[in-house]
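Asks: sequence plus predicted model, see below.
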Amino acid sequence: MVLRVGNASGFYGDRFDAVREMLTGGELDVLTGDYLAELTMLILGRDQLKDPAAGYAKTFLRQMEEGLGLAHERGVRIVTNAGGLNPAGLAGALRALADRLGLPVRVAHVEGDRLPARDGALAANAYLGGAGIAACLTAGADVVVTGRVTDAALVTGPAQWHFGWGPEEYDRLAGAVVAGHVLECGTQATGGNYAFFREHDPRLFRRPGFPVAELHEDGSSVITKHPGTGGLVDVGTVTAQLLYETAGARYAGPDVTARLDTVRLTREAPDRVRVEGVRGEAPPPTLKAGLSRLGGFRNEVVFVLTGLDVEAKAALVRDQIEDALARGGSRPAEVRWELARTDRPDAGTEETASALLRLVVRDPGPDAVGRALTGAAIELALASYPGFHVTAPPGRGAPYGVFETAYVDAAEVPHTAVLPDGTRQGIPVPARTRALEPVPEPELPEPPAEGPVRRVPLGRIAGARSGDKGGDANVGVWVRTDEEWRWLVHALTVDRFRALLPETADLPVTRHVLPNLRALNFTVAGILGEGVASQARFDPQAKALGEWLRSRHVDVPEELL
């Protein structure tokens, strides 16, 4: 008895026609869509400030103009977190759409994740598990809309409903969590953003298909995609997604704590990877909660420095701006300068002869980042370094958001399934819980024998994928053979990681060892400041931090090359 779960969205803004592609491209039992990210919750919160009836992903509702009928014809259940801050509002809009289309579609939703706003938060939401989704499906729902649930809950909920798993069948639930984590980011599991894309036919990656998980009653699964779609599913693409935005061996959630150090991946056939062996433990007694709030106001100016004397030009304009702000008594609370040496000597084009000097300012109020800054920058147009210009005229400044993580007692969160007939069903908290604690580092393999080495980019043999969690970043690094693993696990220590990425030198860095995946997962605390919405860094979500690491040169044994 197999449950076929597909994904049609990895974020709010993903490929619009993926819903139709997934519903018409192959067999499915459940279609999921993940629309919520940390930044999305802030966007929806700002939407709801303007219109209390808003707060959900409007894109999903437009996708259902066609998708609702296709799913009904094919008997596919739809489960999505597109409800955002207003799942009841989206559920009502879907019922109205179904009535207009003449479809007998039963809609249910899950609520209770919304927490009382505090400390000026626009939105505060706990991450719920899949039990509410399962209750809605058991009651006959064709569409289940949720607010903030864990991304994996979109799969654990349908699995609990389909297989009838109890809340303490931890290994089975953990297997579904792993499958859900692989599916949640859509095409990242099918070749999107894949480190080793150059090793395959480039036509595969032109338009990757979305992933499908075939779940089995024992909790194992096969990750695949619809026949004939683009992309690639292999052990590498699945490994990369498993490492994305995770950390150590224990991957905690409200349904179960999955042990990522027990995951076994094997290639079953082309575009089919079996996931098995996953062990689970009781979930922690607390739920993660995300708080989104306005952090203040920001502005930026990017100065273009062309040709000779780039460092001196940067020093001059920086001194002029600082002087102007001091004279005006309006220096913002935070002023950050970054010089990117994108210039080349004796360049053949003006663009490649130019460097970029980026000024970013932040302040609790709008005035210090508005006219005071833009005036100081523009008034230098004829009074600064030779060749003065900026990439765009500076604006008035804009509000920025901050995402914070907190933890709340699960018993204090009223997880509620609102069934298709309107009945409200409370979801009980887990009877057993287990506080999180680190897993002892596993025994490491013997290092390879000494021999000749060659200095090459780390990415010659190692893949990587990185991402954000609030102000922290994670960088997952993996290799594909046991011989490469013996080298990597001894060569890429925390000290070596810091040396290769100097930006991390003074930050807390934690290394997690996952031998079954031949992978290391590094967590870098604080590198993203107050989170993606604050745009504190050139790469605010750390999406390319892993690619920077792969580009750094290291001494690799020649036998591995």
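Replies: Okay, I see it. Numbers count the residues shown, from 1 in each chain.
Asks: and the pLDDT at the nearest residue to residue 451 once chain neighbours are set aside?
Replies: With CB to CB, 6 or more residues apart in numbering as the criterion, residue 451 has its nearest non-adjacent residue at 5.7 Å, and that residue is residue 557. Bear in mind the C-beta positions are built from the backbone N, C-alpha and C, glycine included. On pLDDT, residue 557 comes in at 96.
Asks: can you check residue 278 too?
Replies: For residue 278, the model assigns a pLDDT of 98.
Asks: I figured it hits residue 262, correct?
Replies: Yes: assessed by CB atoms under 8 Å, residue 278 is found in contact with residue 262 at 5.5 Å.
Asks: give me the more crowded residue out of those two.
Replies: The residue with more neighbours, out of residue 278 and residue 262, is residue 278; 27 against 18, by other CB atoms under 10 Å.
Asks: so who does that one touch?
Replies: Residues near residue 278 by CB atoms under 8 Å, 6 or more residues apart in numbering: 171, 174-175, 177-178, 219-220, 258-259, 262-263.
Asks: ok, residue 494 next?
Replies: 509-511, 522.
Asks: can we see that at 10 Å?
Replies: 504, 508-511, 520, 522 (CB atoms under 10 Å, 6 or more residues apart in numbering).
Asks: and if you look at residue 88?
Replies: Residue 88 touches 55-56, 109-111, 145, 147, 418, counting by CB under 10 Å, 6+ apart.
Asks: now a ChimeraX select for only the buried ones of those residues.
Replies: What follows is the ChimeraX syntax selecting those of these that are buried according to 16 or more other CB atoms under 10 Å:
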select :55,56,109,110,111,145,147,418
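Asks: in helices, which of the contacts of residue 88 fall?
Replies: In this view, the contacts of residue 88 have no member that belongs to helices under DSSP state H.
Asks: wait, which of the contacts of residue 88 is closest to residue 492?
Replies: residue 147 (39.0 Å; CB to CB).
Asks: let me know the pLDDT of residue 292.
Replies: Value listed for residue 292 in the pLDDT field: 87.
Asks: surely it is within a helix?
Replies: No: read with DSSP: H, G, I helix; E, B strand; the rest coil, residue 292 is strand and lies in no helix.
Asks: low-confidence ranges in the protein?
Replies: Nowhere does the chain drop to pLDDT under 70.
Asks: ok, longest helix in it?
Replies: The chain, longest helix under DSSP H: helix 310-328.
Asks: buried ones in that helix, by neighbour count?
Replies: In helix 310-328, counting by 16+ other CB under 10 Å, buried: 310, 313-314, 316-318, 320-321, 324-325.
Asks: residue 550: which of those residues is nearest?
Replies: For the buried residues of helix 310-328, the nearest to residue 550 is residue 310 (27.2 Å; CB to CB).
Asks: how many neighbours does the closest residue to residue 233 other than its chain neighbours have?
Replies: Distance criterion CB to CB, 6+ apart; nearest residue to residue 233, sequence neighbours excluded, is residue 271 at 4.4 Å. Neighbour count for residue 271, taken as other CB under 10 Å: 22.
Asks: can you give me the buried ones in the host helix or strand of residue 70?
Replies: Element membership of residue 70 [criterion: DSSP states H and E] is helix 58-74. Within helix 58-74, the residues that count as buried by 16+ other CB under 10 Å are 58-61, 63-64, 67-72.
Asks: output the contacting helices and strands for it.
Replies: helix 18-24, strand 30-33, strand 77-80, helix 87-101, strand 143-145 (3 or more CB pairs under 10 Å, 6 or more residues apart in numbering; DSSP states H and E).
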